[in-house]
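Student: Show me how the following folds:
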Amino acid sequence: MTRYATLLLLAATLQAESPIMKTEKATLGGGCFWCVEAAYETLPGVLAVTSGYAGGQTPDPTYEQIGTGKTGHAEVVQIEYDPEKISYEKIIDLFWDAHDPTTLNRQGADVGTQYRSIILTADDAQKKIAEESKSRAQAKFRSPIVTEIVPMEKFHPAEDYHQDFYRENPMHPYNLAVTRPKLKKFEAAVEESGLRDQ
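Tutor: Next comes the predicted model:
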């Protein structure tokens, strides 16, 4: 057997012995995607978080178009995760601590439909989990939760400079004033959930 054939056989054997990881996706928005992305990037079992736009009608929207509030899209993140390490239910249960789901079309000083609280579901199973989580979470808030739960149609990744924004720009004024306090609150909720102890 030639060296090349031996290497091919070895590669095939290693591939057969390595199980292919099955990943799933969750898509949600809770105000500025920089904040939500920063929060979910910290979770065990989360493999990637991509900032983007969804929920509207404008094809291939840009950040400038989103800022007008006329595209129908919201700033969202798409979370790719390992369901063996974190469940969709846990991702949604923590969502209520990542932002204020009781303020309509706003998060703090960020105002407009593009900042609305939204969960975009891939199927009926995700929809059921999201609705049940929303019902449970209502007990934490005095005001009604206004989060939309709608079917996912198309996710549009945001421009490159929005990706990993908090990680790449920790001293940006917005990150210091808004993202960092939200991250502290989210981290406290994660610790309370026991997710890091599993």
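
Student: contacts, neighbours, all on C-alpha from now
Tutor: Fine.

Student: In three-state terms, label T58 for me.
Tutor: Of the three states, T58 takes coil under DSSP: H, G, I helix; E, B strand; the rest coil.

Student: burial count for the closest residue to it other than its chain neighbours?
Tutor: Closest residue to T58 apart from its sequence neighbours, by C-alpha to C-alpha, 6 or more residues apart in numbering: T71 at 5.3 Å. By other C-alpha atoms under 10 Å, the residues close to T71 number 20.

Student: what pLDDT does T71 get?
Tutor: Reading off the confidence values, T71 has pLDDT 96.

Student: ok, it to T113 distance?
Tutor: Remark: distance between T71 and T113 (C-alpha to C-alpha, to the nearest Å) = 9 Å.

Student: Would you map the strands across the protein?
Tutor: All strands of the chain, identified by DSSP state E, fall at 24-30, 46-54, 74-81, 106-107, 110-111, 117-121, 148-151, 156-157.

Student: Dump those into JSON lines; add mean pLDDT and distance to E89 as well.
Tutor: As requested, these are exported to JSON lines (pLDDT from 0 to 100; distance: least, C-alpha to C-alpha, whole Å):
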{"stretch": "strand 24-30", "mean pLDDT": "98", "distance to E89": "10"}
{"stretch": "strand 46-54", "mean pLDDT": "98", "distance to E89": "13"}
{"stretch": "strand 74-81", "mean pLDDT": "98", "distance to E89": "12"}
{"stretch": "strand 106-107", "mean pLDDT": "96", "distance to E89": "23"}
{"stretch": "strand 110-111", "mean pLDDT": "96", "distance to E89": "27"}
{"stretch": "strand 117-121", "mean pLDDT": "98", "distance to E89": "12"}
{"stretch": "strand 148-151", "mean pLDDT": "98", "distance to E89": "14"}
{"stretch": "strand 156-157", "mean pLDDT": "98", "distance to E89": "24"}
